[in-house]
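Student: What follows is a predicted protein model with its sequence.
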Amino acid sequence: MAESPPQSGARRVVARHRKARREYEVLDSWEAGLVLKGTEVKSIRAGNVAFGDAHARAEAGELWLHNLHIAPYDAANRWNHDELRARKLLLRRDQIRRIVARSEEKGLALVPLDVYFRGGRAKVTLALCRGKKHRDRREELKRRTMRREAERAMRSAGRR
């Protein structure tokens, strides 16, 4: 039986940058459209996206997404796209100005968190991030472990 198509406002996540949440502290995030070629769209729909060291950069008043790996589409032969090409991000002009002003602070980076489709259009969640230090990651791991143990204790106490 065929799946029903998602609602027009529904968000279908294709890929998540799980490593980004672990290595960066997310300060703010925005939804941006992507300028893609046809074979890139088909490849993204198939889930062939890898973030690696993807990041966004401002160039001449525009935001560009660099190093997002979109694998070549299998059915496209010589008209396939370049896998690591820079892709333009679509945002409003005032948003771009605000993002560029904030990202120029020392130690901040623009990192994509996930790629998804909304209403048939490819979107990316772009986040302003600060790198976590090793001790920050360790503290976060301790907090998570303590929370898990507390939840486990509450569940076992509820069963008695």
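Tutor: Noted; the coordinates are in hand.
Student: list the buried ones in the host helix or strand of residue 124?
Tutor: Using DSSP states H and E, residue 124 falls within strand 121-131. Taking 16 or more other C-beta atoms under 10 Å as the basis for neighbour counts, the residues of strand 121-131 that come out buried are 122-129. C-betas here are computed from N, CA, C, even on glycine.
Student: That one: partners in the sheet, and parallel or antiparallel?
Tutor: Its sheet considered, strand 121-131 pairs with strand 24-34 (antiparallel), strand 108-118 (antiparallel) by DSSP bridges.
Student: which of the ones you listed sits most buried?
Tutor: Between the strands paired with strand 121-131, strand 108-118 has the highest mean count of neighbours, a mean of 20, where neighbours are mean count of other C-beta atoms under 10 Å.
Student: Which one of the strands paired with strand 121-131 lies nearest to residue 71?
Tutor: Put simply, out of the strands paired with strand 121-131 the one that sits nearest residue 71 is strand 108-118, at 12.7 Å, with distance taken as C-beta to C-beta.
Student: Would you map the strands across this protein?
Tutor: For the chain, the strands identified by DSSP state E occupy 11-16, 24-34, 49-50, 55-59, 62-66, 69-70, 87-90, 108-118, 121-131, in order along the chain.
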